[in-house]
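Novice: Please find the sequence and the predicted model below.
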There are 2 protein chains.
Amino acid sequence: MNSSMKRNIVLDHGTGAKLSRELVDFIVDILGDVYIGEMEDSALLSLPNARIAMTTDSFVVDPLIFGNGDIGKIAVCGTVNDLAVVGATPQYLTLAFIIETGLPFSDLERVLVSIRDTAREADIKIVAGDTKVVNQGEADKLFINTTGVGYFPREPLRMKHVRVGDHILLSGPIGNHAVHLLSIREGLGFESRVLSDCAPLNHMIAALLDGKAGWGIHSIRDVTRGGLAAVMQEYSRVGPFHMALDQARLPIQHETAMACDMLGIDPIDLANEGCLCLFVAPDYADLALDLLRRHAPGTGAVDIGKVLSSDTAQVRLKFPGGHVKRLEELEGAVLPRLC
Amino acid sequence: MNSSMKRNIVLDHGTGAKLSRELVDFIVDILGDVYIGEMEDSALLSLPNARIAMTTDSFVVDPLIFGNGDIGKIAVCGTVNDLAVVGATPQYLTLAFIIETGLPFSDLERVLVSIRDTAREADIKIVAGDTKVVNQGEADKLFINTTGVGYFPREPLRMKHVRVGDHILLSGPIGNHAVHLLSIREGLGFESRVLSDCAPLNHMIAALLDGKAGWGIHSIRDVTRGGLAAVMQEYSRVGPFHMALDQARLPIQHETAMACDMLGIDPIDLANEGCLCLFVAPDYADLALDLLRRHAPGTGAVDIGKVLSSDTAQVRLKFPGGHVKRLEELEGAVLPRLC
């Protein structure tokens, strides 16, 4: 760190003069070869072809740093996964920070190391950045925006490709990310037993789509804010379809279920950061499951239900005894700042 | 506005359930045909070719809404201009909001209308978006990130193309944007006489680059945060060069000079949102000036100095009496949140 660099972020780190430049140097030094920008007003890039995917996400995660990750890891994974689920290969990422005065450089460094390592793992390059600094009380420590561009080495996947009869697969347990963060925020003591699932899923998705199972995969969705319930509601409206889920097959870690019981919340509504929902033609469902289970983030993959024909959009959950509950769309989930 | 939409933003507008969806519908309705996203995790797009420019910027403007513009207009212009100055044609824009609970929908609507109108003027499409909502005191009303992609219909312009002998042109007066916002913030009463220069400059830049003057234009920079001084310092380090500026030729509106005197600040350090600095080969400087002056944002264009050879990076300002002052890089400018 440059000797003139203060221990904490000050307002002058954002005013476009010398301290701003030193902050940018600090960031670029840590990112290393993951950053390929050239400090022009825009990055000059080339793509393998001219059909692209583009997505943006701002991250307001609280706490910034948690048990097995931090806002930086989430910011890279979130955007990488949004590109990958439509069938694109994540290629370029931009990185924009809004920093509250007083943020320790040590926290910023931790987040940057995480961004670098996750970008390497996901094989994506950071091409442009921005830093803004605001007074204390005008932001909460650090907000990050990542915007990604990918190219299509194959046909894009679309929501509208989902068909009646498709199996609904989940790549892993739900609710863990939210419970981990809530536990830290509320001092519940669950956080060492329930870890965030945050992970870049693009390599697993590419393996799926490029293998034989790829022929039967109609659509993939990253199960984040709003949880599995929101994904089901959204897809049910596309058909309209009747989404028929088997409650007993929902992959929920024991400790997560316990925590949710205690808090009066349902894991089906909770945000994840490394969980996919896949809509797969019946003949390919087992093949897709096998392939998912060969990848670390997919070892817990399960088949949770089916897409049925319907005149109206509906999501129904069948319980072990045979009882069926219709899930209504929630007004809100009152669990902010998990992503 | 949907009848169930609250008058102000509440936390549930950000939790991924029904109110989130209604907020997104509210945004998309106002943006109209400027928004071409499809509500997948990523937008699926095509470009005229595979050589692209990409840039990102977060905007933390205070006040949100000012005399002749608002944060929405700045957010579109800032990113459009960053793409245009490297010679790219702005094509796609993403839009991400971080909203503080309590923001009136009327303010959000005003900002969205401005985004729509400015995107139309700049001929850029909004392809993807994101909304996050945080508690009161965790952000200041509204922060916006815009990230842009453009394609190159011509060779990119680079900082390193600047040559000794180049004339330094400014497309218009400096300091007005900062003085306008400061006047509102501090209640100084200047704001009706000094307006923000915020404008999309891509059409003017394209006309310049595609005309005969284009042959002599080596580099263009959007003069924003840090002002003309920061741009001069940055380019002086590229050569290294001696940037020789003529103080008497700096375009500064009378009221802006008065306000700056009163506040003890120098317009050369102040942020602008619609002002270009151009580095032009001597034989093309007059041609470029003529062309700039034919466009509304360039009517006040002037030639302010020259790039001289030097062993060290230096920026010098010659005053009318012959006195020359060397400009040192500022540590910080202590004028936050103008962009």
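Specialist: Happy to help now that I have it. Keep in mind the model is a prediction, meaning the values are calculated, not measured. Numbering: from 1, shown residues only, chains lettered A, B, ... in the order given.

Novice: Low-confidence stretches in the stretch 1-150 of chain A?
Specialist: A:1-6 (pLDDT under 70).

Novice: switch the cut-off to 50
Specialist: Counting by pLDDT under 50, the stretch 1-150 of chain A shows low-confidence ranges at A:1-4.

Novice: Which stretches in it count as strands?
Specialist: Ranges of strands in the stretch 1-150 of chain A, per DSSP state E, counting those that start in this stretch, are A:43-46, A:51-59, A:65-66, A:69-70, A:89-100, A:125-134, A:142-151.

Novice: Mean neighbour count, the ones you listed: which tops it?
Specialist: strand A:142-151 (a mean of 28; mean count of other Cβ atoms under 10 Å in any protein chain shown). Bear in mind the C-beta positions are built from the backbone N, C-alpha and C, glycine included.

Novice: Partner strands of the following helix or strand past that one, with direction?
Specialist: Using DSSP states H and E, the helix or strand that follows strand A:142-151 in sequence is strand A:167-170. Applying DSSP bridges, strand A:167-170 is found paired with strand A:276-280 (antiparallel), strand A:302-309 (antiparallel).

Novice: Which residue, other than its chain neighbours, is closest to the most centrally placed residue in chain A?
Specialist: Centroid-nearest residue in chain A: residue A:78, 3.2 Å away (criterion: Cα atoms, centre = their mean). In this structure, residue A:78 finds its nearest non-sequential neighbour in residue A:57, 4.9 Å apart by Cβ to Cβ, 6 or more residues apart in numbering or on different chains.

Novice: Residue A:191 too?
Specialist: residue A:183 (4.2 Å).

Novice: Quick check: phi and psi at that neighbour.
Specialist: Dihedral angles of residue A:183 (phi, psi; degrees, to the nearest 10) stand at phi -60, psi -40.

Novice: Could you pull up the residues touching it?
Specialist: Shown in contact with residue A:183 (Cβ atoms under 8 Å, 6 or more residues apart in numbering or on different chains): A:189-191, A:194, A:259.

Novice: roughly how far apart are it and residue A:259?
Specialist: To residue A:259, residue A:183 is 7 Å away according to Cβ to Cβ, to the nearest Å.

Novice: Mind listing the shared neighbours of the two?
Specialist: With Cβ under 8 Å, 6+ apart as the test, residue A:183 and residue A:259 both reach A:190, A:194.

Novice: Of all the residues in the stretch 101-250 of chain A, which one is nearest chain B?
Specialist: Residue nearest to chain B within the stretch 101-250 of chain A: residue A:226 (2.6 Å; Cβ to the nearest Cβ).

Novice: my guess is that residue meets residue A:335, correct?
Specialist: No: counting by Cβ atoms under 8 Å, residue A:335 is not a contact partner of residue A:226; they are 9.7 Å apart.

Novice: which one of the two has more residues nearby?
Specialist: A count of neighbours by other Cβ atoms under 10 Å in any protein chain shown puts residue A:226 above the other of residue A:226 and residue A:335, at 26 against 22.

Novice: Please name the spatially closest residue to the more buried one (chain neighbours excluded).
Specialist: The shortest distance from residue A:226 to any non-neighbouring residue, by Cβ to Cβ, 6+ apart, is to residue B:16 (2.6 Å).

Novice: Tell me who's in contact with the one you found.
Specialist: Residues near residue B:16 by Cβ under 8 Å, 6+ apart: A:224-227, A:230, A:271, A:333.

Novice: just residue A:132 next, same as before
Specialist: Residue A:132 neighbours (Cβ under 8 Å, 6+ apart): A:14, A:96-99, B:58-60, B:337.

Novice: do that again at 6 Å, thanks
Specialist: A:14, A:98, B:58, B:60 (Cβ atoms under 6 Å, 6 or more residues apart in numbering or on different chains).

Novice: Flag every residue of the stretch 201-339 of chain A that's near chain B.
Specialist: Contact residues (Cβ under 6 Å from any Cβ of the partner chain) of the stretch 201-339 of chain A with chain B: A:222, A:225-226, A:230, A:329-333, A:336.

Novice: now the angle from the longest helix along chain A to strand A:142-151?
Specialist: For chain A, the helix reaching the highest residue count under DSSP state H is reported as helix A:105-122. When axes from the mean of the first three to the mean of the last three Cα atoms, to 10 degrees is applied, the directions of helix A:105-122 and strand A:142-151 differ by 20 degrees.

Novice: Helix A:105-122 and chain B, any residue contact?
Specialist: No: using Cβ under 6 Å from any Cβ, helix A:105-122 stays clear of chain B, coming no nearer than 13.9 Å.

Novice: so what does that helix touch, helix or strand wise?
Specialist: Packing contacts for helix A:105-122, counted by 3 or more Cβ pairs under 6 Å, 6 or more residues apart in numbering or on different chains; DSSP states H and E, involve helix A:71-84.

Novice: mind saving the C-alpha coords of the helix it packs on as CSV?
Specialist: C-alpha atoms of helix A:71-84 as CSV (Å, rounded to 0.1, in the frame of the first residue of the first chain):
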residue,chain,number,x,y,z
ILE,A,71,-19.5,-9.3,-0.8
GLY,A,72,-16.7,-9.5,-3.4
LYS,A,73,-17.2,-13.2,-4.0
ILE,A,74,-21.0,-12.8,-4.2
ALA,A,75,-20.6,-9.9,-6.6
VAL,A,76,-18.5,-12.0,-9.1
CYS,A,77,-20.6,-15.2,-8.7
GLY,A,78,-23.9,-13.4,-9.0
THR,A,79,-23.1,-11.9,-12.4
VAL,A,80,-21.2,-14.9,-13.7
ASN,A,81,-24.1,-17.1,-12.9
ASP,A,82,-26.6,-14.8,-14.5
LEU,A,83,-24.6,-15.0,-17.7
ALA,A,84,-24.1,-18.7,-17.5
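
Novice: what residues does that helix touch?
Specialist: Contacts for helix A:71-84 (Cβ under 6 Å, 6+ apart): A:53, A:55, A:57, A:59, A:61, A:64, A:90, A:111, A:114-115, A:118-119, A:122, A:124, A:144, A:146, A:148, A:150, A:198, A:200-202, A:205, A:222, A:273, B:41-42.

Novice: related to what we said a few turns ago, okay if I get the contacts of residue B:16 as TSV plus pLDDT and distance to residue B:48?
Specialist: As requested, the contacts of residue B:16 are exported to TSV (pLDDT from 0 to 100; distance: Cβ to Cβ, whole Å):
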residue	pLDDT	distance to residue B:48
A:224	95	33
A:225	93	34
A:226	93	36
A:227	96	39
A:230	95	36
A:271	95	38
A:333	73	42
